[in-house]
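Q: A predicted structure for the sequence below; I have some questions about it.
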Amino acid sequence: MTSARGARTRRTSTRRVRATGLLLLVTALGASGCSSGSPSAAAGSGSVRIGLLASLSGTYKEVGTDLRDGFQLYLDSHQGKLGGHPVDLVVADEGDGAPTALPAATKLVKQDKILAMTGIVGAGSVAAVSPLLTENRIPLVSSNGRPVVKDVSRQWSTSFMSDDPGAAIAQYVHDTVQGPVFAIGPDYQGGWDELRGFTDAFTKAGGQLANPGGKTLFTPFPQTNDFTPYLTQIKNSHAKAVYCFYAGGAAVDFVKQYAQSDVAGIPLYAAGFLTEGGVLNAQGDAAKGIQSVLNYAPDLDNATNRSFVSAWQAKHSGPPTTYAMASYDAAAVLDQAIAAAGKNLTPETLNTAIGGLGQIDSPRGTWEFGKNTHSPVQKWYLRQVKSDGRALSNLTVQDLATLGN
């Protein structure tokens, strides 16, 4: 027969075992939450990991470097924090496009467990990386030209849709040039989009292409560095003007060879990347007089831009580019959205918070995300390369159009 004292001892022991078991269960659940594959940030000052994918080698190295440096500039001016959280910025090399971009993005998502991705130079890279991000429910806040994608629910761009620059300048070129215009650009996704934006809007306005058969001339990418045969085709077409899209090293080669060719006297219009950033220094006087379209110019007169230009020039030589500006804005978007997401910060809550943002105060002027494209509703500017003191610069000529609605 069991004594009363023994029964009390067993009940006390049972309660201790249950309490210990409950403590172990809570501890195990907590450990499981910390080590799960789902990226998140702890409440308060827990750090967040952002992946920045950009071309740090290859044709568009200068573009990718500006994307990286623009984002870093925002972090440096905000104590290395976004939305109150310290940031672990993981930078990966996109290279020249999808074949190198996708493996780099896969590492950021699968191994580095990023909360969000930003950057990306090439439109083809965006197309290649998008399914990966959608599958893993990671928001993308890209900061260079973006192609049309089927699902924009987690796709946000602080720059532009790839066909916007050409569409913005097409009417101006039509009204200014008396005669046919030759269209030329690189043979890859970004080139197709950029030139389509111009040619569609130009012909719709009543313009005529000087290209044989009315079809844009696309040059092999990235291997083309001798444009002589293509400049000969322009001469033989009897074009009254040329519209082009080139960037990075290809832009330097094209502009220098254009200025030394038989078509040097034909007006050259371009998407602004042709003379943007370090390529303008490399082009030198060969770039003088080129008119281009872009969503940003460093001489825009607003307080946010003056502050941005001053901060940039304190760390870098030369004026900031549209690439640096858009990446700076990507950091600003993430800053506001991370703060708005609150304590339960995950890729999903962050994406929802981005969708709830209103107007963004930017060096380019105030803008907001378009509801259908998730790219900026913004103003586009006509610029011209002129001497600004001792240096060449893209100086604002006039406003062209507001696109993105």
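A: Cool, got the structure.
Q: Can you show me the helices along the stretch 51-200 of the chain?
A: When assigned using DSSP state H, counting those that start in this stretch, the helices of the stretch 51-200 of the chain occupy the ranges 61-76, 98-110, 123-135, 164-176, 189-204.
Q: Serialize those to CSV and add fields for mean neighbour count and mean pLDDT.
A: All C-beta atoms are positioned from the backbone trio N, CA, C, and that covers glycine. Formatted as CSV, the helices of the stretch 51-200 of the chain follow (neighbours: other C-beta atoms under 10 Å; pLDDT from 0 to 100):
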stretch, mean neighbour count, mean pLDDT
helix 61-76, 24, 96
helix 98-110, 18, 97
helix 123-135, 21, 94
helix 164-176, 22, 98
helix 189-204, 22, 96
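Q: Tabulate these (CSV), appending distance to Val263.
A: Shown next, in CSV, are these (distance: least, C-beta to C-beta, whole Å):
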stretch, distance to Val263
helix 61-76, 26
helix 98-110, 33
helix 123-135, 28
helix 164-176, 16
helix 189-204, 18
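Q: now the spatially most central residue of the chain: how far from Glu194?
A: The centroid of the chain falls nearest to Ser143 when counting by C-alpha atoms, centre = their mean (1.5 Å). Distance from Ser143 to Glu194, counting by C-beta to C-beta, to the nearest Å: 17 Å.
Q: Pro320 too?
A: Pro320 sits at a distance of 22 Å from Glu194 (criterion: C-beta to C-beta).
Q: Then Lys150?
A: Taking C-beta to C-beta, one finds Lys150 at 20 Å from Glu194.
Q: Over to Pro139?
A: The gap separating Pro139 from Glu194 is 25 Å, by C-beta to C-beta.
Q: what are the ranges of the helices in the stretch 301-405 of the chain?
A: 303-315, 322-341, 347-355.
Q: how many neighbours does the closest residue to Pro86 other than its chain neighbours have?
A: The spatially closest residue to Pro86, leaving aside those adjacent along the chain, is Ser47, at 4.4 Å (C-beta to C-beta, 6 or more residues apart in numbering). Here the count is done by other C-beta atoms under 10 Å, and Ser47 has 14 residues near it.
Q: and if you look at Pro376?
A: Residues near Pro376, counting by other C-beta under 10 Å: 25.
Q: try Asn236
A: Other residues lying near Asn236 total 12 when counted by other C-beta under 10 Å.
Q: And it, its phi and psi?
A: When read as degrees, to the nearest 10, the backbone of Asn236 gives phi -70, psi -20.
Q: let's have the chain start at 43 instead
A: Got it, first residue is 43 now, which makes that one Asn278.
Q: before we move on, the earlier item: touching, the residue nearest to the centre of the chain and Ala374? I think so.
A: No - if you go by C-beta atoms under 8 Å, Ser185 and Ala374 don't touch, sitting 10.9 Å apart.
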